[in-house]
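>>> Compute the structure for the input listed below.
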Amino acid sequence: MSWLEQSIMRQRGVAQGRQAVTHELTEAKQGNYHYTIGPYSQPVLSVKPGDRIIVETRDAFEGKVKTEQDLPSKVLTMPFVNPQNGPIMVEGAQPGDVIAVYIESIAPRGPNPRGTCAMIPEFGALSATMFTSLLTQPLPEIVRKIDVDEKGVYWSKRVTLPYKPHIGTLSCSPMLDSINTLTPDTHGGNMDLPDMGPGSITYLPVCTDGARVFIGDAHACQGDGEVCGTAVEFQSTTTIQVDLIKNWAINWPRLETEEMIMTIGSARPLEDATRIAYKDLVLWMEAEFGFDRWDAYMMLSQCGKVRLGNFVDPKYTVGAGILKEYLKP
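Residues are numbered from 1 along each chain as shown. Predicted coordinates for the structure are as follows:
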């Protein structure tokens, strides 16, 4: 039996292995992409638990940074960046449930796929920003276009980086607020967590009827922290499978891979994001894996894993994980 068959999604999901229907969410079908995640936008697709969706995502700049001469400060209007596909309605989803999103594949899209990395004024972990205000000059504005295929990310003649794609922004709608697509929170959002790639399952709390799933911001590769403010941003064809888990009350997004489970927190300062993630992991181990709370707490001090998502946005994201081998009865 494959790990996917043993996953929480397959064991607890409504689909229970039914034959999936495959939908296509093309650019034409999407129409207008969204810059906020919330309960007010018009749905573009309705699916049943277990269905597959082939999604055509745009890059974080919505294709406006075409060359290295197209400076973001000139061609973009902030905060209209990070466009999202959706909302996708999931039949039967209600508040108190969880949407499971299995990422099957992420492929570069277009006849000559290229990614974009940019240094943007007052954006990035090592620059003065509106949240970290300093009497210093902005760092230089630089755009880099990078050839990409499924074999590699061709950074320069000297360096080829591995093609390790992931989805930067994935979420269900908040109950009331419409939150900009740069901000991660309990709903998910712009977490920029490198583990959220092919072969992973993300679990998102449902706060509105139908869940209203949003997805976008594909990255061809990214290091922990996304420190300059951007990854290798590219437009993609991303294939996902969506399932529904009834009556699973979680407060923050969670993630599962073949090797580990992970909880995800987003906050400022960074240590609070880490606290959120580790607290949720302790409580998950207690509630569903038979651990004493304080034993789990002390054990994670020895074997817990931390992954840094974005370290640049209005809130920072941290994933706290534990290998599944330590969870066996």
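
>>> helix/strand/coil for the closest residue to Thr186 other than its chain neighbours?
Leaving aside its chain neighbours, Thr186 sits nearest to Trp252 (5.6 Å; criterion: CB to CB, 6 or more residues apart in numbering). From N, CA and C alone the C-beta is placed, and that goes for glycine too. Three-state call for Trp252 (DSSP: H, G, I helix; E, B strand; the rest coil): coil.

>>> gap between Trp252 and Pro184?
As defined by CB to CB, to the nearest Å, Trp252 lies at a distance of 10 Å from Pro184.

>>> Verify the stated contact: the residue nearest to Thr186 with Thr263.
Yes. Contact between Trp252 and Thr263 holds when scored by CB atoms under 8 Å: they sit 6.2 Å apart.

>>> So between those two, which is more surrounded?
Neighbour count, other CB atoms under 10 Å: between Trp252 and Thr263, Thr263 has more, with 26 against 21.

>>> Neighbouring strands of whatever helix or strand the more buried one lives in in the sheet, and parallel or not?
Element membership of Thr263, judged by DSSP states H and E, is strand 260-267. Take DSSP bridges as the rule and strand 260-267 pairs in its sheet with strand 254-256 (antiparallel), strand 316-323 (antiparallel).

>>> To Glu271, which of those strands lies closest?
Proximity to Glu271, assessed across the strands paired with strand 260-267 by CB to CB, is greatest for strand 316-323 (9.0 Å).

>>> circling back to that earlier point, go through the strands paired with strand 260-267 and name the closest to Asn190.
That would be strand 316-323 among those, by CB to CB, at 7.9 Å.

>>> quick revisit: what is in contact with Trp252 and Thr263 at once?
Overlap of the contact sets of Trp252 and Thr263 (by CB atoms under 8 Å, 6 or more residues apart in numbering) consists of 277, 280.

>>> quick one on the thing from earlier: distance of the residue nearest to Thr186 relative to Tyr278?
In terms of CB to CB, Trp252 sits 11 Å off from Tyr278.

>>> For the closest residue to Lys48 other than its chain neighbours, grab the count of nearby residues.
Distances taken as CB to CB, 6+ apart put Glu91 closest to Lys48, at 4.8 Å, once the chain neighbours are dropped. When neighbours are counted by other CB under 10 Å, Glu91 registers 13.

>>> related to what we said a few turns ago, from the chain's centroid, how far away is the strand holding Thr263?
In terms of CA atoms, centre = their mean, to the nearest Å, the centre of strand 260-267 is set 11 Å apart from its chain centre.

>>> contact partners of that strand?
184-186, 189, 191, 193, 195, 252-256, 272-281, 284, 305, 307, 309, 315-324, 327.

>>> immediately after that strand, which helix or strand?
On the C-terminal side of strand 260-267, the nearest following helix or strand under DSSP H and E is helix 270-288.

>>> picking that back up, could you pull up the residues touching the residue nearest to Lys48?
Glu91 is in contact with 46-49, 210, 244, counting by CB under 8 Å, 6+ apart.

>>> Over to Ser127?
Counting by CB under 8 Å, 6+ apart, Ser127 touches 119, 121, 138-139, 229.

>>> From Arg12, how far off is it?
Distance of Ser127 to Arg12, given as CB to CB: 43 Å.

>>> Strands of the stretch 51-200 of the chain, residue ranges please.
Using DSSP state E, counting those that start in this stretch, the strands of the stretch 51-200 of the chain run over 52-57, 84-90, 98-108, 114-119, 142-149, 152-154, 166-171, 179-180, 188-190.

>>> Kindly export the third one (C-alpha atoms) in CSV.
Below are the C-alpha coordinates for strand 98-108, written out as CSV (Å, rounded to 0.1, in the frame of the first residue of the first chain):
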residue,chain,number,x,y,z
VAL,A,98,-11.1,20.4,6.6
ILE,A,99,-10.2,20.6,2.9
ALA,A,100,-7.3,18.3,1.9
VAL,A,101,-5.3,19.4,-1.2
TYR,A,102,-3.0,16.8,-2.6
ILE,A,103,-0.5,18.4,-5.1
GLU,A,104,0.0,15.8,-7.9
SER,A,105,2.3,17.8,-10.1
ILE,A,106,3.6,21.3,-11.0
ALA,A,107,4.9,21.9,-14.5
PRO,A,108,6.2,25.0,-16.2
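
>>> tilt between it and strand 166-171?
Here the directions of strand 98-108 and strand 166-171 differ by 150 degrees (axes from the mean of the first three to the mean of the last three CA atoms, to 10 degrees).

>>> for stretch 31-40, which positions count as buried?
33-39 (16 or more other CB atoms under 10 Å).

>>> which intervals of the chain have sub-threshold pLDDT?
Counting by pLDDT under 70, the chain has low-confidence residues at 1.

>>> switch to 90 and redo it
Counting by pLDDT under 90, the chain contains low-confidence ranges at 1-2, 16-20, 78-79, 111-112, 122, 128-138, 313, 329.

>>> residue furthest from the geometric center of it?
Leu135 (33.2 Å; CA atoms, centre = their mean).

>>> Relative to Val153, how far out is that one?
The gap separating Leu135 from Val153 is 36 Å, by CB to CB.

>>> Please apply the same query to Cys207.
According to CB to CB, Cys207 and Val153 sit 36 Å apart.

>>> cool, Asp209 as well?
According to CB to CB, Asp209 stands 40 Å off from Val153.
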